[in-house]
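Chemist: Sequence plus predicted model, see below.
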Amino acid sequence: MRHLITYIALLTLAFSSCGVYTFSGASISSDVKTVDIKFFENKTSLSPSNLSNNFTEALKDKLSSETNLSPVSSDGDLTYSGYISNYVIKPIAIQANETATKNRLTISVNVTFTNGVQEEYNFEKTFSRFADYDSNEDFKSVEEALNEEITEQLIDNIFNESFSNW
């Protein structure tokens, strides 16, 4: 029993000395305590009006649920800002009769990530993801589900880019 307690104590000490670990597997420096997520403005003309708000809230939810960072309204140790830069529907899978059997919705987001603790991890990058749907489906009936799917992919990419270098 004494060996088990010693083993657990050593394991706890080893993990706590290297930084803060999250359930997502991301390792975040123990010096980083706060995050500031600015509103992501929609600079596209075709996207739904709630896309900016949904994207910003999804990013906040991801960081809240998978890190121990405290949200602040300004001057966070980490800051996310940017805008939705592209919202495009294009036909794909063209058949011989020149009709598309599938369409692709692509959403792009320009993100500026500022790490006030370790500036070498700062980046400005455009993230793009897409989802396909059958061309015989009414776009308005599938648009919300496609937006949620793509937003989740974008958020995961942004999260991984932010914490993959730690």
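Modeler: Thanks, I have the structure now. Numbers count the residues shown, from 1 in each chain.
Chemist: For the rest of this, base every contact and every neighbour count on C-alpha atoms.
Modeler: Will do.
Chemist: Checking residue 74 next. Helix, strand or coil?
Modeler: coil (DSSP: H, G, I helix; E, B strand; the rest coil).
Chemist: Determine the number of other residues adjacent to it.
Modeler: 13 (other C-alpha atoms under 10 Å).
Chemist: Dihedrals phi and psi, the residue lying closest to it once chain neighbours are set aside?
Modeler: With sequence-adjacent residues excluded and distances taken as C-alpha to C-alpha, 6 or more residues apart in numbering, residue 74 is closest to residue 36, at 5.8 Å. Main-chain torsions, residue 36, degrees, to the nearest 10: phi -120, psi 120.
Chemist: Repeat that for the one 10 residues further on.
Modeler: Here is the backbone geometry of residue 46 (degrees, to the nearest 10): phi -100, psi -20.
Chemist: for the protein, longest helix please?
Modeler: helix 139-163 (DSSP state H).
Chemist: Now do the strands in the protein.
Modeler: In the chain, the strands defined using DSSP state E lie at 20-21, 27-28, 34-37, 41-42, 70-71, 78-94, 100-115, 123-134.
Chemist: ok, the fifth one: who's next to it in the sheet?
Modeler: Neighbouring strands of strand 70-71 in its sheet, by DSSP bridges, are strand 34-37 (parallel).
Chemist: Now do the contacts for residue 72.
Modeler: Contacts of residue 72 were listed using C-alpha atoms under 8 Å, 6 or more residues apart in numbering, and they are 34-37.
Chemist: okay if I get the residues you listed as CSV plus distance to residue 130, pLDDT and neighbour count?
Modeler: Shown next, in CSV, are the contacts of residue 72 (distance: C-alpha to C-alpha, whole Å; pLDDT from 0 to 100; neighbours: other C-alpha atoms under 10 Å):
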residue, distance to residue 130, pLDDT, neighbour count
34, 31, 96, 17
35, 27, 97, 24
36, 27, 97, 20
37, 23, 98, 21
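Chemist: Check those and tell me the two furthest apart.
Modeler: 34 and 37 (10.0 Å; C-alpha to C-alpha).
Chemist: intersection of neighbour lists for those two?
Modeler: Counting by C-alpha under 8 Å, 6+ apart, the residues touching both residue 34 and residue 37 are 71-72.
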